[in-house]
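Asks: structure for this input, please:
(one chain, ligands or ions: 2)
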Amino acid sequence: MNPIDSIAVLTGAGISAESGVPTFRGPGGLWRRYRAEDLATPQAFRRDPRLVWEWYDWRRGLIAACRPNAAHRVLAEMERRVEAFTLITQNVDGLHQRAGSRRVVELHGSIWRLRCTLECGPAWEDHRVPLDPLPPLCPRCGAPARPDVVWFGESLPEAALEAALVAVERCRLMLVIGTSALVQPAASLPLLALRHGARVVEINPEPTPLSDLVDEAIREPAAIGLPGWWQAWMEGER
Ligand code: BV8
Ligand code: ZN
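Replies: Residues are numbered from 1 along each chain as shown. Ligands and ions are numbered 1, 2, ... in the order given. Here you go, the predicted model:
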């Protein structure tokens, strides 16, 4: 077995770009004239729940028409092959799960889960496309539902953040794939790995604030760069 027995992976919107899901800050990442920072907030939802739901419903429809790509599939294979493997994602699109990843730490929630705005009970899965009515209603108490995602200004789910921190502190190798490394606290996880002496590899066609700090920056799209890296890793192991 390869000497490195624990790997942590952090993914962002870029890993889903080759599946056809627009990123937040790249070309085509905008919706009508809005920015994610304008709509993915509790204030926007309070002000105009229907507009925010139209944005999420549009994204759900777009994601439902997309398929996981080779990068998602390699991560599902790594989960099966690597002793201690933790996949941490900022994405809410569920493509890692559709590619076969079974343990996914969702730092920012899931666009396929809804929760009651009156918090009368736990979140629930709802994969209907399109959603009708908008806003969808809580099946228990009838109050409007919200997407079970983390908006700007909201805290990350404690259990997810804790699992991510444990994995990053323990890992010997961390892969950072398809993130602009701008959104906190996710963007600090690779720095924590570096501080713990892990080897950090970034896969991103563009430079990011992490690029000069990591051990290796692979300037390729994820669906090319990750399978290539995994192939070389397996050969090294063989
Ligand atoms: C919190 C879910 C506080 C919703 C999302 C000022 C300074 C520092 C921080 C802040 C600040 N002001 C506010 C903050 C905090 C804020 C923040 O970080 N803001 C940023 C914008 C400055 N953070 C928060 O609010 C977080 N909460 O801090 O709480 C708090 C603390 C205590 C107590 C109470 C409260 C919550 C952040 C979560 C927000 N929710 N999403 C939804 O999706 O609708 S964030 C959103 O951005 C997505 O989750 C996305 O994943 C995430 C990060 O973006 P990326 O994934 O990196 O995507 P991006 O488009 O940016 O980049 C794509 C990358 O892919 C690029 O690098 C590109 O080159 C690359 N790429 C393109 N093609 C490919 C590719 N890579 C590989 N292959 C390709 N083919
Ligand atoms: Zn309810």
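Asks: who's in contact with L192?
Replies: Going by CB atoms under 8 Å, 6 or more residues apart in numbering, L192 touches 165, 168-169. For every residue, glycine as well, the C-beta is placed using N, CA and C.
Asks: now, which of those residues sits nearest A143?
Replies: L165 (33.1 Å; CB to CB).
Asks: what about the closest residue to ligand 1 within the chain, distance to ligand 2?
Replies: Going by CB to the nearest ligand atom, ligand 1 is nearest to G14 of the chain, at 2.2 Å. Using CB to the ion, to the nearest Å, G14 is found at 35 Å from ligand 2.
Asks: most neighbours out of the contacts of L192, which is it?
Replies: Comparing those on neighbour count, V168 comes out first with 24 neighbours (neighbours: other CB atoms under 10 Å).
Asks: ok, that one to A181 distance?
Replies: 14 Å (CB to CB, to the nearest Å).
Asks: need the residues touching each of the two.
Replies: Common neighbours of V168 and A181 (CB under 8 Å, 6+ apart) are P190.
Asks: now do the same contact list for the closest residue to S6 other than its chain neighbours.
Replies: Excluding the flanking residues, the one nearest S6 by CB to CB, 6 or more residues apart in numbering is A84, at 3.7 Å. Listed by CB under 8 Å, 6+ apart, the contact partners of A84 are 5-7, 170-171.
Asks: for the residue lying closest to A64 once chain neighbours are set aside, grab phi and psi.
Replies: Here the nearest residue to A64 in space, its sequence neighbours aside, is V129; by CB to CB, 6+ apart that works out to 4.7 Å. Main-chain dihedrals, V129, degrees, to the nearest 10: phi -130, psi 120.
Asks: what about V129, how many residues nearby?
Replies: Residues lying near V129 (other CB under 10 Å) number 14.
Asks: check which element follows the worst-scoring helix or strand of the chain on mean pLDDT along the chain.
Replies: One helix or strand of the chain scores below all others by mean pLDDT, DSSP states H and E: helix 36-39, with a mean of 88. Next along the chain after helix 36-39, taking DSSP states H and E as the criterion, comes helix 42-47.
Asks: got the CA positions of the next helix or strand along the chain from that next one in PDB?
Replies: Downstream of helix 42-47, the first helix or strand assigned by DSSP H and E is helix 49-64. These are the backbone C-alpha positions of helix 49-64, laid out as PDB (Å, rounded to 0.1, in the frame of the first residue of the first chain):
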ATOM      1  CA  PRO A  49     -38.900  34.000  -0.900                       C
ATOM      2  CA  ARG A  50     -40.400  33.400  -4.200                       C
ATOM      3  CA  LEU A  51     -37.500  35.000  -6.200                       C
ATOM      4  CA  VAL A  52     -35.000  33.000  -4.100                       C
ATOM      5  CA  TRP A  53     -37.000  29.800  -4.700                       C
ATOM      6  CA  GLU A  54     -37.200  30.500  -8.500                       C
ATOM      7  CA  TRP A  55     -33.400  30.700  -8.500                       C
ATOM      8  CA  TYR A  56     -33.100  27.400  -6.600                       C
ATOM      9  CA  ASP A  57     -35.800  25.700  -8.700                       C
ATOM     10  CA  TRP A  58     -33.900  26.800 -11.900                       C
ATOM     11  CA  ARG A  59     -30.600  25.400 -10.500                       C
ATOM     12  CA  ARG A  60     -32.300  22.200  -9.500                       C
ATOM     13  CA  GLY A  61     -33.700  21.700 -13.000                       C
ATOM     14  CA  LEU A  62     -30.300  22.400 -14.500                       C
ATOM     15  CA  ILE A  63     -28.500  20.100 -12.200                       C
ATOM     16  CA  ALA A  64     -31.100  17.300 -12.700                       C
END
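Asks: was I right to think the residue of the chain closest to ligand 1 contacts E202?
Replies: No: look at G14 against E202 with CB atoms under 8 Å: they stay out of range, at 10.6 Å.
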